[in-house]
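1. Following is a predicted model, sequence given first.
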Amino acid sequence: MSAEIIDGKKLAESIKNEIKTAITEREEKSLPLPGLATILVGNDPASRTYVASKIKTTADLGIRSFSYDLDENCPQEELENLILRLNEDPDVQGILVQLPLPGHLSEDEVLHTISPKKDVDGIHPFNAGLLSRKYSEPLFYPCTPSGVIRMIQSVCPDISGMNAAVIGRSSIVGMPTAMMLSRCNATPTICHSYTKHLDEICRESDIIVAAAGSPGLVQGDWVKPGAIVIDVGINHIPDKNGPRGYKLVGDVDFESAVKRAGAISPVPGGVGPMTIAMLMANTLKAIDYR
Ligand code: NDP
């Protein structure tokens, strides 16, 4: 039997339609519209593509966009001064600094500079701290983990009591995803490059979230029959016959996993579009914190 495919693109479209409707209503009532500032530093082609896609989505939804394209060698102070200005700008509700930054810049210091009220990526230490506290709500939930949870809930609204393997413990994906799964009353196991018997942990899991950046890491026979598999990984692998010379694959060996999973997300067309939709949702929400 083949798994249900969790179509992230379709789910993202429905979320974006709701956001567009809310923004149109604001427009009709002459209420302030949300504004998103995107900051790109340097020339990393993947970062450029992601930022272009985010800017296009803001335009489609009626969110005002302010884009800043900084030189590869931009000093830390210049970047931080720009963020401090945007923190005070009443037209800007959300500030997104595209990561990773060039090596000479401190990501940590940059993230600390963003006002938690404008942290639409949901990764400021203040919001990350609130996420980790049982009875607290962060001002924003991080975008990719939010997309992952929405995808899981689209096929299984109540995941209470389920075991979940989260492969990856980064601050923007793995760790917050595990915390959000726990908030949904699932029991996450946080796996990383030192984890032993990863295959066995996966086989015992009702949910697998793969966010390692390792192509085809999760094999079909790691998947418990009927499990929900969310593939966050985006890996470029050579493809001599393709028009671009490379193709995008996830961290899950889709061909074998689709035969055992109950539901599975593809790459591309899975978590990627959901991340952008959740960013837009957070930008709309940021209006409440003006
Ligand atoms: P990081 O490199 O920051 O983290 C990767 C994590 O995976 C680390 O915790 C690492 O362990 C762990 N890991 C790596 N290899 C293995 C392995 N073989 N077994 C077990 N654990 C492993 O990456 P990100 O969290 O930023 O991103 C993860 C993936 O998700 C990437 O492919 C990225 O491109 C993609 N991504 C996709 C998004 C989307 O919207 N679809 C958004 C953001 C990221 P350790 O801590 O020990 O090093």
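-> Good, I have the coordinates.
2. How about the residues of the stretch 51-200 of the chain by the ligand?
-> 144, 167-170, 172-174, 191-195, 198 (CB under 6 Å from any ligand atom). Backbone N, C-alpha and C define where each C-beta goes, glycine included.
3. Can you give me the buried ones in stretch 190-205?
-> 190-191, 198, 201-203, 205 (16 or more other CB atoms under 10 Å).
4. and residue 116, how many residues sit next to it?
-> 19 (other CB atoms under 10 Å).
5. Could I get the contacting residues of it?
-> Applying CB atoms under 8 Å, 6 or more residues apart in numbering to residue 116 gives the contacts 124, 126-127, 139.
6. same deal with residue 262?
-> 3-4, 155, 225-228.
7. Would you mind checking those for buried ones?
-> The buried subset of these - by 16+ other CB under 10 Å - is 3, 155, 227-228.
8. just checking, which of the contacts of residue 116 belong to helices?
-> 126-127 (DSSP state H).
9. could the contacts of residue 116 be laid out in JSON lines, adding pLDDT and neighbour count?
-> Below are these laid out as JSON lines (pLDDT from 0 to 100; neighbours: other CB atoms under 10 Å):
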{"residue": "124", "pLDDT": "97", "neighbour count": "24"}
{"residue": "126", "pLDDT": "97", "neighbour count": "16"}
{"residue": "127", "pLDDT": "98", "neighbour count": "24"}
{"residue": "139", "pLDDT": "98", "neighbour count": "20"}
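10. Helices of the stretch 151-290 of the chain, start to end?
-> 174-183, 198-203, 254-257, 271-286 (DSSP state H, counting those that start in this stretch).
11. Can you lay out these as a markdown table showing distance to residue 103 and mean pLDDT?
-> Listed next are the helices of the stretch 151-290 of the chain as a markdown table, based on distance: least, CB to CB, whole Å; pLDDT from 0 to 100:
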| stretch | distance to residue 103 | mean pLDDT |
| --- | --- | --- |
| helix 174-183 | 22 | 98 |
| helix 198-203 | 29 | 98 |
| helix 254-257 | 33 | 98 |
| helix 271-286 | 24 | 98 |
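12. Can you give me the pLDDT of the closest residue to residue 253 other than its chain neighbours?
-> Excluding the flanking residues, the one nearest residue 253 by CB to CB, 6 or more residues apart in numbering is residue 216, at 4.4 Å. Predicted confidence (pLDDT) for residue 216: 96.
13. Now for residue 216: which residues touch it?
-> 249, 251-253.
14. try 10 Å this time
-> Residue 216 makes contact with 210, 233, 235, 237, 249-257, according to CB atoms under 10 Å, 6 or more residues apart in numbering.
15. circling back: which pair in the residues of the stretch 51-200 of the chain next to the ligand has the greatest spatial separation?
-> Greatest spacing in those, by CB to CB: 144 and 194 (22.6 Å).
16. Leaving out sequence neighbours, find the closest residue to residue 64.
-> Closest to residue 64 by CB to CB, 6+ apart is residue 35, at 3.9 Å.
17. where does the stretch 51-200 of the chain dip in pLDDT?
-> Scanning the stretch 51-200 of the chain for pLDDT under 70 picks out nothing.
18. Could you pull out the strands in it for me?
-> 64-70, 94-97, 163-167, 187-191 (DSSP state E, counting those that start in this stretch).
19. Quick check: the residue nearest to residue 253 vs residue 68, distance?
-> 37 Å (CB to CB, to the nearest Å).
20. swap in residue 46?
-> In terms of CB to CB, residue 46 sits 18 Å off from residue 68.
21. Likewise for residue 219?
-> When residue 219 is compared with residue 68 (using CB to CB), they lie 42 Å apart.
22. More neighbours: which of the two?
-> residue 68 (17 against 14).
23. Look up which residues are beta-bridged to the more buried one.
-> When assigned by DSSP bridges, residue 68 has beta-bridge partners residue 39.
24. My read is that it contacts residue 37, right?
-> Yes: shown here, residue 68 and residue 37 form a contact pair, counting by CB atoms under 10 Å, at 6.7 Å.
25. so what's in contact with these two at the same time?
-> Shared contacts of residue 68 and residue 37, counting by CB under 10 Å, 6+ apart, come down to 82-83, 86, 95, 97.
26. and which of those residues is nearest to residue 62?
-> Closest to residue 62, out of all of the shared contacts of residue 68 and residue 37 and judged by CB to CB, is residue 95, at 19.0 Å.
27. count of neighbours near that closest one?
-> Residue 95, neighbours per other CB under 10 Å, totals 28.
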